[in-house]
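J.: sequence plus predicted model, see below.
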Amino acid sequence: MYKILISDKLAQEGVDILNSIDGVEPVVNTGLSEDELCEIIGEYDGLIIRSATTVSEKVLAAATKLKAVARAGVGVDNINIPEATRKGVIVMNTPGGNTTSAAEHTMALMLSLSRNVVPACNSLKAGAWDRKKYTGNQLCGKTLGVIGMGRIGMSVVKMALGFDMKIMGYDPFAVPEKAKEMGVQVVTDLNEIYKTADYISLHIPRNEQTTNMIGAEQFKMMKPTARIVNCARGGIINEPDLYAALEAGEIAGAALDVFPKEPPTETGFTKHDNCLVTPHLGASTEEAQIEVAVEAAQIIADAIKGGPIRNALNAPAVGAATPKVVTGYAELAQKIGRLMAATIVGPVKSVQVDYRGSIAEKDISAVTTAFSIGLLQANLDVPVNIVNVGLLAKERGITIDELKNADSKDIASSFTAQVATDKGTRSITGTVYSEGVARIVSIDGYMVEFSPEGPVMVIFNDDKPGVIGSVGTVCGQHGVNICTMGVGQKTDGTAVLAVSLDKKPGEEAIAQMKKLDFVNELYTCDLC
Ligand SMILES: NC(=O)c1ccc[n+]([C@@H]2O[C@H](COP(=O)([O-])OP(=O)(O)OC[C@H]3O[C@@H](n4cnc5c(N)ncnc54)[C@H](O)[C@@H]3O)[C@@H](O)[C@H]2O)c1
Ligand SMILES: O=C(O)[C@H](O)COP(=O)(O)O
């Protein structure tokens, strides 16, 4: 009997499906603390969650039988996917089931904010009849900036067009043609949206690149009449900076459905008069909940019973028949793809992969595929795997040029990926030694050798004495241990410091390092 724990509120229709499947026993047990979950998770083969359960490294360590986690919804920022991957636990989600509900809630927030629905309602219920105070604004004719043009973003675009809004859109990984055909002004510089939009709506995942993406600097660019809606994830907006911007009148209002910690503990910004809040209700409709529950039940039952694996966010690119050397390069290439995604800025314009030495004599299609999965997965909540990566890349206008040259002077074999965006070109080279050990050996021409394992940090810096010591000190202060380190210099006085770490530095540590005067760019990424 396979036991499946349902640790968040799931529509009964999903539970019924699991009850109807032979050999599967669902157990509903919600509201568990991390320790309580750790105590019981060892009994379970499968876990179904929504956003309230955090599948942390500690939970995964205790989950000795766990084969699969199904997220009944989209966002998977509450699941430690690198750790799940390390442990061979499949992570799946149910994209699409709550798209319409989240888009409708976004429109509800935008309208309520513009027409003062909540304060006007409260005032009337308190006995007042104040029509002047609650005069609002029309959406019609206003400019809406949509950041993230995936499923929900595009659904919001369609609805907002119905309100005769003008739409600007930004999404480095989206298909611009589709949006352009709908009349969206697609921009490649986010600042254009910050400076122009009357409404800004976020529809992107929270990850290392998007956390604190909108803060004091961005609010200062916005119009004093601008309103911002976050129905995506807390923490994408820097909430203390939002409070300061509302206080200073730098923007007119904000509507938040999501918070860095839920329920929110820092409640200053939630109580602000110009801030409208809802308790993460984007997907909370009967329709969406039935759809995601049914899909989550079906996919997890199939996965743990050895059936087809659908919507997996961590499926491998290689099969059992792939030669060992190609498998080694595919694993390295996927990590290089992830590191690339974490260190590039702006929309991808061109991608090239270059195979040198003995690897160039093999069939390297699985390696290029693995690189594309790494590059795309970091920015998409749809599962990216061997099945759909080609299509997803094509839809986004990304083509990969493959170069092969069996003659390699410096190294037996190597894999180099080069990605150009409108902000510049980044190249990362790695190699797999004959014993199967993988190393990244060069970033942007800086010769650095470090292990592409676990959390890594790449710092582009001015080449000065004390860099290693200062970074090491900050890491040490925050209990982060440096495992391997590579330093590369150029004659122009710049250098790169690349380190692999025992754990990812927290936001405070990263902010402290970014303030060091020699740091020009700093990126972190978990390569698991
Ligand atoms: N409030 C809610 O209840 C609720 C409900 C559903 C989803 N969500 C959130 O909404 C997000 C979007 O969901 P979706 O179904 O549209 O996902 P999606 O994967 O279809 O779309 C996300 C889009 O964001 C883009 N993107 C990624 N990084 C970006 C960046 N730095 N700048 C601009 N664009 C970027 C991607 O290219 C993609 O097109 C989810 O990640 C989830 O966190 C919230
Ligand atoms: O990412 C999602 O699907 C939404 O944020 C919904 O979260 P919920 O399932 O906790 O309502």
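T.: Happy to help now that I have it. Ligands and ions are numbered 1, 2, ... in the order given.

J.: what's the nearest residue to residue 269 if we skip its chain neighbours?
T.: Spatial nearest neighbour of residue 269, excluding adjacent residues (Cβ to Cβ, 6 or more residues apart in numbering): residue 243 at 4.0 Å. The way it works is simple: take the backbone N, C-alpha and C, and place the C-beta from them, glycine included.

J.: what's the answer for residue 55, then?
T.: residue 79 (4.3 Å).

J.: that neighbour: what's it in contact with?
T.: Neighbouring residues of residue 79 by Cβ atoms under 8 Å, 6 or more residues apart in numbering: 49, 54, 55, 69, 71, 91.

J.: I'd like to know how many residues surround the third one.
T.: Same thing as residue 55. 26 (other Cβ atoms under 10 Å).

J.: please apply the same query to the first one.
T.: Using other Cβ under 10 Å as the criterion, residue 49 is surrounded by 25 other residues.

J.: and it, how close does it get to ligand 2?
T.: Taking Cβ to the nearest ligand atom, to the nearest Å as the measure, residue 49 falls 8 Å from ligand 2.

J.: tell me the pLDDT of the residue lying closest to that residue once chain neighbours are set aside.
T.: Leaving out its chain neighbours, the residue that sits closest to residue 49 by Cβ to Cβ, 6+ apart is residue 8, at 5.1 Å. Turning to residue 8, the model gives it a pLDDT of 98.

J.: which other helices and strands contact the helix or strand that the residue nearest to residue 269 is a member of?
T.: Using DSSP states H and E, residue 243 sits in helix 239-247. Packed against helix 239-247 by the contact rule (3 or more Cβ pairs under 8 Å, 6 or more residues apart in numbering; DSSP states H and E) you find helix 216-221, strand 253-256, helix 268-271, strand 275-277.

J.: if I pick the residue nearest to residue 269, what's in contact with it?
T.: Residue 243 makes contacts with 268, 269, 272, 275, as judged by Cβ under 8 Å, 6+ apart.

J.: flag the shaky bits of the stretch 201-350 of the chain, pLDDT-wise.
T.: 315-321 (pLDDT under 70).

J.: now for the residue in it that ligand 1 sits nearest to, how many residues are close by?
T.: In the stretch 201-350 of the chain, no residue comes nearer to ligand 1 than residue 282, which is 2.4 Å away by Cβ to the nearest ligand atom. Residue 282 is flanked by 26 other residues according to other Cβ under 10 Å.

J.: does it really touch residue 255, like I thought?
T.: No - using Cβ atoms under 8 Å, residue 282 is not in contact with residue 255, being 11.3 Å away.

J.: between those two, which contacts overlap?
T.: In contact with both residue 282 and residue 255: residue 231, using Cβ under 8 Å, 6+ apart.

J.: what's the nearest residue to the residue nearest the centre of the chain if we skip its chain neighbours?
T.: By Cα atoms, centre = their mean, the chain has its centre lying nearest to residue 207, at 3.6 Å. Once flanking residues are discounted, residue 207 sits nearest to residue 378: 6.4 Å by Cβ to Cβ, 6+ apart.

J.: one step back: highest average neighbour count across the helices and strands packed on helix 239-247?
T.: Ranked by mean neighbour count under mean count of other Cβ atoms under 10 Å, the helices and strands packed on helix 239-247 are led by strand 253-256, which reaches a mean of 25.

J.: tell me the secondary structure for the closest residue to ligand 2 within the stretch 51-200 of the chain?
T.: Among residues of the stretch 51-200 of the chain, the one nearest ligand 2 by Cβ to the nearest ligand atom turns out to be residue 73. It sits 2.6 Å away. Here residue 73 takes the coil state, with states given by DSSP: H, G, I helix; E, B strand; the rest coil.

J.: give me the distance between it and residue 46.
T.: According to Cβ to Cβ, to the nearest Å, residue 73 stands 16 Å off from residue 46.

J.: closest point of the stretch 251-400 of the chain to ligand 2, which residue?
T.: residue 283 (3.6 Å).

J.: what sits against the closest residue to that residue other than its chain neighbours?
T.: In this structure, residue 283 finds its nearest non-sequential neighbour in residue 98, 3.7 Å apart by Cβ to Cβ, 6+ apart. Going by Cβ under 8 Å, 6+ apart, residue 98 touches 73, 74, 282, 283, 285, 288, 289, 291, 292.

J.: spit out the contact partners of the second one.
T.: The reference is to residue 74. Contacts of residue 74 by Cβ under 8 Å, 6+ apart are 93, 94, 95, 98, 102, 152, 283, 381.

J.: and it, what are its phi and psi?
T.: When read as degrees, to the nearest 10, the backbone of residue 74 gives phi -100, psi -60.

J.: give me every residue that touches the residue in the stretch 101-250 of the chain positioned nearest to ligand 1.
T.: Of all residues in the stretch 101-250 of the chain, residue 150 sits closest to ligand 1, at 1.8 Å by Cβ to the nearest ligand atom. Going by Cβ under 8 Å, 6+ apart, residue 150 touches 171, 174, 203, 204, 380, 381, 382.

J.: residues from the stretch 1-150 of the chain in reach of ligand 1?
T.: 74, 75, 95, 98, 99, 102, 147, 148, 149, 150 (Cβ under 6 Å from any ligand atom).

J.: got these as CSV, with pLDDT columns?
T.: Shown next, in CSV, are those (pLDDT from 0 to 100):
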residue, pLDDT
74, 95
75, 95
95, 92
98, 97
99, 97
102, 98
147, 98
148, 96
149, 94
150, 93
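
J.: is stretch 2-20 positioned near ligand 2?
T.: No - residues of stretch 2-20 contacting ligand 2 under Cβ under 6 Å from any ligand atom: none, with a closest distance of 6.7 Å.

J.: list the contacts of that stretch.
T.: In contact with stretch 2-20 (Cβ under 8 Å, 6+ apart) are residues 23-30, 32, 37, 40-41, 43-53, 72, 286, 289-290, 292-294, 296-298, 300-301, 304-305.

J.: as a markdown table, the helices and strands packed on helix 239-247 with distance to ligand 1 would be great.
T.: As requested, the helices and strands packed on helix 239-247 are arranged in a markdown table below (distance: least, Cβ to the nearest ligand atom, whole Å):
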| stretch | distance to ligand 1 |
| --- | --- |
| helix 216-221 | 13 |
| strand 253-256 | 10 |
| helix 268-271 | 15 |
| strand 275-277 | 12 |
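
J.: how deep is the nearest residue to residue 489 once chain neighbours are set aside tucked in, by neighbour count?
T.: Distances taken as Cβ to Cβ, 6+ apart put residue 495 closest to residue 489, at 4.5 Å, once the chain neighbours are dropped. Neighbour count of residue 495, defined by other Cβ under 10 Å: 20.

J.: which SSE is residue 495 in?
T.: strand 494-501.

J.: what does the stretch 401-528 of the chain put close to ligand 1?
T.: Of all the residues in the stretch 401-528 of the chain, none lies near ligand 1, going by Cβ under 6 Å from any ligand atom.

J.: where in the stretch 401-528 of the chain is pLDDT low?
T.: Residue ranges of the stretch 401-528 of the chain with pLDDT under 70: 408-410.

J.: contacting residues around the nearest residue to residue 238 once chain neighbours are set aside?
T.: What sits nearest to residue 238 in space, not counting adjacent residues and going by Cβ to Cβ, 6+ apart, is residue 215, at 3.8 Å. Shown in contact with residue 215 (Cβ under 8 Å, 6+ apart): 237, 238, 241.

J.: pretty sure the first one contacts residue 231?
T.: Right, residue 237. No - judged on Cβ under 8 Å, residue 237 makes no contact with residue 231 at a distance of 11.5 Å.

J.: which neighbours do those two share?
T.: In contact with both residue 237 and residue 231: residue 202, using Cβ under 8 Å, 6+ apart.

J.: which residues does the nearest residue to residue 197 once chain neighbours are set aside bridge with?
T.: Excluding its sequence neighbours, the residue lying closest to residue 197 (Cβ to Cβ, 6+ apart) is residue 145, at 3.4 Å. When assigned by DSSP bridges, residue 145 has beta-bridge partners residue 168, residue 200.
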